[in-house]
Every structure is written in C-alpha cells, then in structure tokens.
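Engineer: build me a model:
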Amino acid sequence: MISAERMFVARPAQANGSAILVFQEAFGVNGHIRDVAHRFANHGFLAVAPELFHRTAPLGFESGYGDYEQIRPHMAALTPEGIVEDARAAFEFAVAQENVDRSRIACIGFCMGGRASYLANAELDLRAAISFYGGGIAPDLLDRAKRQHGPLLMFWGGKDTHIPPEQYRAVADALTAAGKSHTQVVFSDAEHGFFCDQRASYNSIAAQQAWALCGAFLEANGVHQP
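Structural biologist: As a prediction, this is how the structure comes out:
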C-alpha cells in the first residue's frame, strides 16, 4: 500500500472542509500536478496527489514530457486494482486530516490520471469526479460506468489523436445507459494535454474555460462551500 511519504499534499491556509484527490499524468507527480494541487489549496481544499508509480519508481519520480521510454515500464506495471488501492489510501489519508468532511471529497485526474479518476469514482464514495482526457476508459473500463458514485465532469480534446471521438462518445453512452449523472465537454480546437502549460499542446483558452467549469461543477455538487 502507498505510504504517506508518497503523497504530495497541498494544505489550505483556510480550510473549508473539502478535499480533492489529484491524479497524475504518466510523467509523475511533477510541477504541473503540484501546481494543480496548490491551486485547489488556494481555494480551501486539502489536495492529495498520490504517486501512482510508487511500486516501481523511486520516491519523487518525474520524467520529461515525451520521455516515453522512461515511463513505459511504470505504466505497464500499473493495474486498475493498484490504482483503486492507491486512491483508497489517499482518500483515507484525507479523511484522517483535521477539518476534512468525509462527504465532501472529490477527485480530478489528467490523462492516465483521468482514467484513475474514473476508476476511483467507481469504487469510492466520492462526492464528484473530474477527468481530463482519460485514455483507456473505452473500451476496457466501460463496464464500470454503472458503478460510478458521484457525478462526473469529463473533458476531451477535439484534436486529440490519442483518444478518438468514438471512444469518448462510448464513455458518454455507457454512463447515460447506466443512468449516471455526467457532463461531457469537448474543446474542438484542443489537443491531448491541453490543460498543462508545460506541454506544447497547451491551449490557454480551453484551459481557462475548463478550470472555471471545474470550480462551478464542484460547487454545484456540494464539494466546495464558500
């Protein structure tokens, strides 16, 4: 099981009782993921980002964007069961912190972490879940649509060559068929990784709109209470 030292934690100056699990891209709990955690902490959330490669990579592992040879063995070793185990540990870590309301914990993830967010929401009693360009949900994990707990907000890039439209449409169809609350947002001009300002695919307009939607979604679903 993942230990507390393998979780990056951003603590709010003024806690509001909410917490969010932040799931990494394939490149580690790097500067971008830590920045996302701090952004949430600045809004009163306790933000916890577990190192999903802790079984195979050293403490604090990061790789450069595009360094697929370095990350490939770690990604190959990752399993849905392992992701859920780490998400559960991060959830229980958050619950154990002072001033965190168990009923107001959400999750967010990017790329590989977008899939992790979907998996976590299928197994944990989360208030809400956000997934950015989560690869591998379709077709492999569509059977977990019926197990989703909190409402989902899912972002996709219309120019994402890694996740074709038929895949994200299949995710939406599976969630609808399962009667689950979900919102699907496709930015037609955005590529994979559009939210990350450290990547060549960064799209500032899409990223700005997505961040605003995240805040509205979490507030509307009772995670963040100003």
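
Engineer: hey, let's count contacts and neighbours off CA atoms from now on
Structural biologist: Noted.

Engineer: pLDDT weak spots in the chain?
Structural biologist: Counting by pLDDT under 70, the ranges of the chain that qualify are 225-226.

Engineer: spatially central, which residue of it would that be?
Structural biologist: Centroid-nearest residue in the chain: residue 109, 1.3 Å away (criterion: CA atoms, centre = their mean).

Engineer: which residues touch that residue?
Structural biologist: Contacts for residue 109 were tallied using CA atoms under 8 Å, 6 or more residues apart in numbering; they are 22, 23, 24, 25, 115, 116, 117, 130, 131, 132, 134.

Engineer: what is the neighbour count of residue 32?
Structural biologist: By other CA atoms under 10 Å, 18 other residues sit near residue 32.

Engineer: pretty sure it sits against residue 199.
Structural biologist: No. Contact criterion CA atoms under 8 Å: residue 32 and residue 199 do not qualify, at 9.7 Å.

Engineer: okay, and the common contacts of the two?
Structural biologist: In contact with both residue 32 and residue 199: no residue, using CA under 8 Å, 6+ apart.

Engineer: quick one on the thing from earlier: that's a helix at the residue nearest to the centre of the chain, yeah?
Structural biologist: No. With DSSP: H, G, I helix; E, B strand; the rest coil as the criterion, residue 109 is located in strand rather than a helix.

Engineer: distance of it from residue 13?
Structural biologist: Going from residue 109 to residue 13 by CA to CA, to the nearest Å gives 23 Å.

Engineer: also residue 153?
Structural biologist: For residue 153, the distance to residue 13 - CA to CA - is 27 Å.

Engineer: neighbour count winner among the two?
Structural biologist: Between residue 153 and residue 13, counting by other CA under 10 Å, residue 153 is the more crowded of the two (22 against 12).

Engineer: residues in contact with residue 30?
Structural biologist: Shown in contact with residue 30 (CA under 8 Å, 6+ apart): 24, 61, 62.

Engineer: state the distance from the second one to residue 16.
Structural biologist: Think residue 61. Distance check for residue 61 against residue 16: by CA to CA, it reads 31 Å.

Engineer: ok, the two, which is more surrounded?
Structural biologist: When neighbours are counted by other CA under 10 Å, residue 16 comes out ahead of the other of residue 61 and residue 16, with 20 against 17.

Engineer: would you say residue 20 is within a strand?
Structural biologist: Yes. Counting by three-state DSSP, one finds residue 20 located in a strand.

Engineer: tell me who's in contact with it.
Structural biologist: Applying CA under 8 Å, 6+ apart, we find residue 20 in contact with 40, 45, 46, 47, 48, 105, 106, 107, 108.

Engineer: between those residues, which sits nearest residue 219?
Structural biologist: residue 106 (10.9 Å; CA to CA).

Engineer: ok, residue 201 touching residue 207?
Structural biologist: No. In this structure, residue 201 sits apart from residue 207 without contact. The criterion is CA under 8 Å, and the distance is 10.8 Å.

Engineer: mutual contacts of the two, please.
Structural biologist: Taking CA under 8 Å, 6+ apart as the criterion, residue 201 and residue 207 both touch residue 194.

Engineer: ok, these two, which is more surrounded?
Structural biologist: Neighbour count, other CA under 10 Å: between residue 201 and residue 207, residue 207 has more, with 18 against 15.
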